[in-house]
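Trainee: Sequence and predicted model, in that order:
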Amino acid sequence: MLTEGLTARTGVDTAGGGSPVVDLSAAERAAAAFLAALGVPLDSESRRATPGRMARAYAEMLTPRPFEPTTFPNDEGYDELVLARSLPVRSVCEHHLLPFVGVAHVGYLPGERILGLSKLARVVEMFARRPQVQERLTQQVANWMQGTLAPRGVGVVVEAEHMCMSMRGVGVTGASTTTSALHGLLRDDARSRAEFFALVDRPGAAGPGPRPHPARPHPARPDPARPHPTLTRTPIPMTTE
Ligand SMILES: [Zn+2]
């Protein structure tokens, strides 16, 4: 029997600066000054409202939406992996304030409580909507799952393309950066970890849907000997200048 859901308000993580106080008109004036300093004329009809649009767009991308993460008792004692694949990731790199976009795969081995499946995407979004680095985003989602559900294991993999790599600097287009963070049995038990990464790579019958891009060898499977939570990435480094 499913008893009443327990809810807890998400405190927006203060490590990322907390919930920002947004002054849209100040942001609009600053955007106009910024574009003027870069020699971008704003006197055409098409561009006249661009500073305001910039301000509103960045305010949206940088402001987490609080939500109620309803959890339920795991009355049926479900003890297999729960994996949500290809949850959208839309974030902004804090080094360049340019977007990085991709997908997150979030899995956990339930303990005494389970989370409404639709909430997994909201957890990813909550930590994505702020100035971020992909490594921290990955760890924050995993830590939130661990802290909120106390599951027997948590695994989070994020694959994303960074516009600061694709559109500037080295100009690498289509390069994807992979990060992962693991807790509990998904970190310590080789079979559970292998199952998690196999389902992330090849959903097969157990996966909820097709991948948005062709499956490829996982470039960042953690080495069991590494300290955890594991963070790995593809060899192409993000520029940080
Ligand atoms: Zn960047």
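Mentor: Thanks, I have the structure now. Owing to the predicted nature of the structure, the values given are computational and were not obtained by experimental measurement.
Trainee: Please settle this for me: is Gly52 part of a helix?
Mentor: Yes - using DSSP: H, G, I helix; E, B strand; the rest coil, the assignment for Gly52 is a helix.
Trainee: what does this structure have sitting close to the ion?
Mentor: Contacts of the chain with the ion, taken as Cβ under 5 Å from the ion, map to Cys93, His95, His96, Cys164. Backbone N, C-alpha and C define where each C-beta goes, glycine included.
Trainee: can you tell me which helix in the chain is longest?
Mentor: Among the segments of the chain that qualify as a helix by DSSP state H, the longest is helix 134-149.
Trainee: Distance from the chain centre to that helix, please.
Mentor: Remark: helix 134-149 is offset 9 Å from the chain centroid, using Cα atoms, centre = their mean, to the nearest Å.
Trainee: For the most far-flung residue of the chain relative to its centre, give me the backbone phi and psi.
Mentor: Going by Cα atoms, centre = their mean, the residue of the chain most distant from its centre is Asp43, 37.7 Å out. Here is the backbone geometry of Asp43 (degrees, to the nearest 10): phi -90, psi 0.
Trainee: that older thread, buried residues, the longest helix of the chain. List them.
Mentor: 134-146, 148-149 (16 or more other Cβ atoms under 10 Å).
Trainee: now, which of these sits nearest the ion?
Mentor: Gln134 (9.5 Å; Cβ to the ion).
Trainee: so the spatially closest residue to the closest one that is not a sequence neighbour is in which element?
Mentor: Among residues not flanking Gln134 along the chain, Thr179 sits closest, at 5.1 Å (Cβ to Cβ, 6 or more residues apart in numbering). According to DSSP states H and E, Thr179 maps onto strand 177-184.
Trainee: Okay, now the sheet partners of that strand, with direction.
Mentor: Using DSSP bridges, the strands paired with strand 177-184 in its sheet are strand 153-162 (antiparallel).
Trainee: Can you get me the centre-to-centre distance for the helix or strand that comes right after the partner strand and its chain?
Mentor: Counting by DSSP H and E, the next helix or strand C-terminal to strand 153-162 is helix 163-166. Chain-centre distance of helix 163-166: 17 Å, with Cα atoms, centre = their mean.
Trainee: can you check stretch 111-129 too?
Mentor: For stretch 111-129, the distance to the chain centre is 11 Å (Cα atoms, centre = their mean).
Trainee: in it, what counts as buried?
Mentor: Buried residues in stretch 111-129 (16+ other Cβ under 10 Å): 114-115, 119-129.
Trainee: Same list (these) but as TSV, adding secondary structure.
Mentor: As requested, the buried residues of stretch 111-129 are exported to TSV (three-state DSSP):
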residue	secondary structure
Ile114	strand
Leu115	strand
Lys119	helix
Leu120	helix
Ala121	helix
Arg122	helix
Val123	helix
Val124	helix
Glu125	helix
Met126	helix
Phe127	helix
Ala128	helix
Arg129	coil
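Trainee: looking at it, Leu98 is touching His162, isn't it?
Mentor: Yes - at 7.3 Å, Leu98 counts as touching His162 under the criterion of Cβ atoms under 8 Å.
Trainee: more crowded one of the two?
Mentor: Per other Cβ atoms under 10 Å, whichever of Leu98 and His162 has more neighbours is His162, with 26 against 15.
Trainee: In contact with the residue lying closest to the more buried one once chain neighbours are set aside, which residues are there?
Mentor: Ranked by Cβ to Cβ, 6+ apart and with sequence neighbours excluded, the top spatial neighbour of His162 is Phe100, at 4.2 Å. By Cβ atoms under 8 Å, 6 or more residues apart in numbering, the contact list for Phe100 reads Val89, Ser91, Val92, Cys93, Gln132, Gln134, Ala160, Glu161, His162, Met163, Cys164, Thr177.
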